[in-house]
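A.B. asks: test case, fold it:
(one chain, ligands or ions: 2)
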Amino acid sequence: MIGRLSPNRVVRNDSICIHCNKCTKACPVNIDVAKATEVKTTECISCNECVNICPKKGALENKFSKKIISPLVILILVFTLFFGGIFVTQRLGWYSNVAAPLKEGETLTIEAIRGFMTLSDVATGLKMDIKDLYTKLEIPESVPPTTKFKELSTFVPGMTDEKAKEILTKDMENPISQETKTNMVVVTEPPKEPVVLKGYMPLSDIAKILNISIEELYQKLKIPFTVPPTTILKQVDTFVPGFDFEAEKTKLESNP
Ligand code: SF4
Ligand code: SF4
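C.D. replies: Ligands and ions are numbered 1, 2, ... in the order given. From the prediction side, this is the model:
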């Protein structure tokens, strides 16, 4: 309808045309431009291929309300309308090229999972505990819940979003029975290695062993920041008189 109403037309001037048929051959939608005096069909996509290829100046032209306009102007108009349309409709809130986040209480089906969704979005949408999602898809705990579904394969080799959806679908079809769940072995974290500190260790090394910042270590030991981090534990008393390194070492080892 819009094509029919459009004031823009490709017009052929038969008296200038040399009937080389190049316009017809160039037309991507197979319009026989070389035989038409005016392209009125709605199939015309105004690509201007025919006008650009025509070797005879004035034989084939674009007319806008009976005025000749150059293909460049048409191109600019198309771009302006296209991007201007997107800009205006986005500003008015009628259109968005970013998917809206799931609303509270909204449920997601597995088919509706999209690659841009994060793991936490998927778990929330499927009303599933995020830990269950990680278990089902064998995702290591170190993978952040903000990871996009389509980027799973960077952490779990071979786990494309399609494969992940397949696993989830199968899981939904064959949910683990309560009995099986009860019999499942609960995997607990392995016991941590005991922390062993020595009096000859510098403070900076102790902080690293305890996996805390040097500032946190100073706070734990209640020593001022003027004590150099290279000071070994048993010589802290040269800066902090009365510092009992044995007692502090025991405290740190028992409560790292
Ligand atoms: S403007 Fe494009 S679609 Fe229209 S007649 Fe010419 S080549 Fe064909
Ligand atoms: S390309 Fe130009 S000269 Fe050739 S047939 Fe088409 S209108 Fe005529």
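A.B. asks: read off the pLDDT value for the one residue in the stretch 151-256 of the chain that gets nearest to ligand 2.
C.D. replies: Among all residues of the stretch 151-256 of the chain, Glu162 sits closest to ligand 2, at 47.6 Å; criterion: CB to the nearest ligand atom. For every residue, glycine as well, the C-beta is placed using N, CA and C. You'll see Glu162 listed with a pLDDT of 87.
A.B. asks: that's a helix at it, yeah?
C.D. replies: Yes: counting by DSSP: H, G, I helix; E, B strand; the rest coil, Glu162 is located in a helix.
A.B. asks: from here on, count from 59
C.D. replies: That works, and once the first residue is 59, the last one we named lands at Glu220.
A.B. asks: residues touching Arg67, list them.
C.D. replies: Arg67 makes contact with 96-98, 120-122 under the criterion CB atoms under 8 Å, 6 or more residues apart in numbering.
A.B. asks: buried ones only from the residues you listed, please, as a ChimeraX command.
C.D. replies: Selection of the buried residues among the contacts of Arg67 in ChimeraX, burial being defined by 16 or more other CB atoms under 10 Å:
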select :97,120
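A.B. asks: before we move on, the earlier item: separation between the residue of the stretch 209-314 of the chain closest to ligand 2 and Lys185?
C.D. replies: 22 Å (CB to CB, to the nearest Å).
A.B. asks: tell me which element Asn120 falls in.
C.D. replies: Using DSSP states H and E, Asn120 sits in strand 118-122.
A.B. asks: what does that strand rub up against?
C.D. replies: Here strand 118-122 makes contact (CB under 8 Å, 6+ apart) with 65-71, 75, 81, 91, 104, 106, 108-109, 112, 126-129, 132.
A.B. asks: touching ligand 1 at all, the longest helix belonging to the chain?
C.D. replies: Secondary structure of the chain read by DSSP state H shows that its longest helix is helix 129-149. No: residues of helix 129-149 contacting ligand 1 under CB under 6 Å from any ligand atom: none, with a closest distance of 9.1 Å.
A.B. asks: does any bit of that helix sit next to ligand 2?
C.D. replies: No: on the criterion CB under 6 Å from any ligand atom, helix 129-149 is out of touch with ligand 2, staying 13.8 Å away.
A.B. asks: in that helix, what's buried?
C.D. replies: Within helix 129-149, the residues scored as buried using 16+ other CB under 10 Å are Ile132.
A.B. asks: could you give the mean pLDDT of it?
C.D. replies: In the prediction, helix 129-149 has an average pLDDT of 86.
A.B. asks: helices and strands around that helix, which ones?
C.D. replies: strand 118-122 (3 or more CB pairs under 8 Å, 6 or more residues apart in numbering; DSSP states H and E).
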